[in-house]
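Trainee: just a sequence and a predicted model for now, questions to come.
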Amino acid sequence: MICKSIKIKTFRNIKEASIEFSDGVNVIKGLNAQGKTNLLEAINLISTGRPFRRATDADLIMHGEQQAEVELAYKTRSFSSSVRYVIDRTKGKTLYKRKQEQKKISHVFGYFRTVLFCPAHLSIVQDGPAVRRAWIDMFLSQTYFFYLKQLQSYNKLLQQRNALLKEMRSSLQPQDFYRSFSLSERFPESTVALLETFSLQLADASAKISDLRYKHLCRIAPILDSFYERITADYPLKEKIELRYVSNAYANGIETFDPDAYRAVMETPDEVMTSPREMAIREKYLSLFKTYAIREIRSGTSGFGCHRDEIEIYLNGTEARTFASQGQQRTIALAMKLAEGQLAYEMTDDHPVFLLDDILSELDEKRKAFVLGELKGCQVIITSCETIDRQVIDASPSVRVIRAENGAFTVEK
């Protein structure tokens, strides 16, 4: 997959820019706050539909302007296309594919794929469960269109069920927070029936999402371990990565991914077919919703569902989030991003575009060489300070150097 060109208007600090990229390595160089990361964010926006830094849509519009616009042309192994993303302070966002307006982001999502790696992605290892769920959900949403639809449906159901639980909580008497009671004696039949309906729908959606996440992690686990092993080949002690999917829908709470057995669950996900594992998870969620209904009403929120699941990363049997050094965490995050790109290639027969935001400066010479070596044959867009590493120049026969200065971009090589 190749990002051929991009046109930007009044996006963050970029007043207007039109850039053509090399099929190999592209280096965006310049001082801080000149627009380098903003350019990567514009590219990634077409891929994911959202900014990778915490921001609202309005934050992407240049100060004093009414709207921002990003138009990107790309090609895959089988076709060429373009996507235009318009953000208006009044009208919101509008997407166009091949100049045709698209009513839903899912109609554009996943066609142009990127793998972004920036210093903030250390949070994949360091931060809480939501960050790792977002990592896997983004990959699956770009790969399977029905997964994005399932995720959107789940989030809507979760909001509706939580709103109902809060409403039921507001009708409780003080003594209801410590005394036992049944739903039928405390709430109208119609309210209890609505809660049961939401619980059934949420259990269905949770089971589907949990099952797909598990299958994806089964595929990426051995790839991740292989990358980490090669990156750390010079370490005096061999280190091994292990992934664990933690959920209250499992009998013991945890499922691990055995690299030698993962092929057994590599069947292609299907929007309609239900696997035995998915059916078992669904029944477990239904049981949890029924058993702990009163507890959920008292708290006013859903205590069970795939939004509570966790992906734990273990290094030599200890949790990396807590016990790994910052250097080890950085290496794990790097291996996760390389594994993400490799799995995307295996599933689509097309490399994603790699976006590296000030990452090479964080790596020592050996790991820098490893990353650039692994990305040969891929399009890479790198941000850099004024000095460009020789390894970057030598990494590809077609290196394009683009200078960023005050939101403007000029080709130097």
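Mentor: Okay, I see it. Numbers count the residues shown, from 1 in each chain.
Trainee: tell me where the protein is predicted with low confidence.
Mentor: 106-107, 251-274, 386-397 (pLDDT under 70).
Trainee: okay, now the domains of it?
Mentor: 2-113+350-411, 133-314 (automatic domain parsing).
Trainee: out of these, which comes closest to residue 324?
Mentor: domain 133-314 (8.3 Å; CB to CB). From N, CA and C alone the C-beta is placed, and that goes for glycine too.
Trainee: tell me which of the domains of the chain sits nearest to residue 342.
Mentor: Here domain 133-314 is closest among the domains of the chain (CB to CB), at 5.4 Å.
Trainee: now the end-to-end length of that closest one.
Mentor: The straight-line separation of the ends of domain 133-314 (CA to CA, to the nearest Å) is 16 Å.
Trainee: stretch 347-362 now?
Mentor: Span of stretch 347-362 from end to end, CA to CA: 30 Å.
Trainee: secondary structure element for residue 295?
Mentor: helix 293-299 (DSSP states H and E).
Trainee: my bad, residue 137
Mentor: Using DSSP H and E, residue 137 falls in helix 129-143.
Trainee: against residue 304, how distant is residue 287?
Mentor: From residue 287 across to residue 304, the span is 10 Å (CB to CB, to the nearest Å).
Trainee: which of those two has more residues huddled nearby?
Mentor: residue 304 (23 against 13; other CB atoms under 10 Å).
Trainee: which parts of the helix holding residue 137 are buried?
Mentor: For helix 129-143, burial by neighbour count (16 or more other CB atoms under 10 Å) applies to 132, 133, 135, 136, 137, 138, 139, 140, 141, 142, 143.
Trainee: ok, now stretch 187-196?
Mentor: Those would be 187, 192, 194, 195, for stretch 187-196 by 16+ other CB under 10 Å.
Trainee: now swap in stretch 315-325 and tell me
Mentor: 315, 320, 321, 324.
Trainee: among those residues, which are in strands?
Mentor: Judged by DSSP state E, the buried residues of stretch 315-325 include residue 315 as members of strands.
Trainee: for residue 115, state which of the buried residues of stretch 315-325 is nearest.
Mentor: residue 320 (20.5 Å).
Trainee: which stretches of the stretch 101-250 of the chain form strands?
Mentor: 114-117, 241-246 (DSSP state E, counting those that start in this stretch).
Trainee: adjacent strands (with direction) for the longest one?
Mentor: This means strand 241-246. strand 254-256 (antiparallel), strand 310-315 (antiparallel) (DSSP bridges).
Trainee: and for that strand, what's in contact with it?
Mentor: 210, 213-214, 217, 220-221, 224-225, 228, 253-257, 309-315, 317, 320, 332, 335 (CB atoms under 8 Å, 6 or more residues apart in numbering).
Trainee: which parts of it are buried?
Mentor: Applying 16+ other CB under 10 Å to strand 241-246 flags 241, 242, 243, 244, 245, 246 as buried.
Trainee: so what does the residue lying closest to residue 58 once chain neighbours are set aside have for phi and psi?
Mentor: Nearest residue to residue 58 in three dimensions, chain neighbours excluded: residue 89, at 5.8 Å (CB to CB, 6 or more residues apart in numbering). Phi and psi for residue 89, reported as degrees, to the nearest 10, are phi -60, psi -30.
Trainee: again with residue 187
Mentor: phi -130, psi 150.
Trainee: ok, now residue 349?
Mentor: Torsion angles, degrees, to the nearest 10, at residue 349: phi 60, psi 30.
Trainee: contact partners for it?
Mentor: Contacts of residue 349 by CB under 8 Å, 6+ apart are residue 77.
Trainee: quick one: it from residue 77, how far?
Mentor: On the measure of CB to CB, residue 349 and residue 77 end up 7 Å apart.
Trainee: between the buried residues of helix 129-143, which is closest to residue 19?
Mentor: residue 142 (23.3 Å).
Trainee: nearest residue to the closest one other than its sequence neighbours?
Mentor: In space, residue 142 is closest to residue 110, 4.2 Å off (CB to CB, 6+ apart).
Trainee: ok, the one you found touching residue 140?
Mentor: No - using CB atoms under 8 Å, residue 110 makes no contact with residue 140, being 9.8 Å away.
Trainee: ok so, going back, and the helix holding residue 295, C-alpha only, in CSV?
Mentor: The C-alpha atoms that make up helix 293-299 are tabulated as CSV, following Å, rounded to 0.1, in the frame of the first residue of the first chain:
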residue,chain,number,x,y,z
ALA,A,293,-28.4,-7.6,38.4
ILE,A,294,-29.2,-6.0,41.8
ARG,A,295,-25.5,-5.2,42.3
GLU,A,296,-25.4,-3.5,38.9
ILE,A,297,-28.5,-1.5,39.7
ARG,A,298,-27.0,-0.3,42.9
SER,A,299,-23.9,0.9,41.1
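Trainee: just checking, what packs against it?
Mentor: If contacts are counted by 3 or more CB pairs under 8 Å, 6 or more residues apart in numbering; DSSP states H and E, helix 293-299 sits against helix 145-170.
Trainee: what's the angle between the helix it packs on and helix 129-143?
Mentor: 140 degrees (axes from the mean of the first three to the mean of the last three CA atoms, to 10 degrees).
Trainee: how far away from the center of its chain is helix 145-170?
Mentor: Put simply, helix 145-170 sits 20 Å off its chain's centre (CA atoms, centre = their mean, to the nearest Å).
Trainee: same for that helix, what does it pack against?
Mentor: helix 129-143, helix 189-231, helix 293-299.
Trainee: list the buried residues in it.
Mentor: 146-148, 150-151, 153-154, 157-158, 161-162, 164-165, 168-169.
Trainee: please apply the same query to stretch 297-309.
Mentor: 297, 298, 300, 302, 304, 305, 306, 309.
Trainee: got the contact list for it?
Mentor: So stretch 297-309 is contacted by 129, 133, 154, 158, 161-162, 165-166, 168-169, 172, 176-177, 202, 205-206, 209-210, 213, 245-249, 285, 288-289, 292, 295-296 (CB under 8 Å, 6+ apart).
Trainee: at 6 Å what do you get?
Mentor: 161-162, 165-166, 168-169, 177, 202, 206, 209-210, 247-248, 288, 296 (CB atoms under 6 Å, 6 or more residues apart in numbering).
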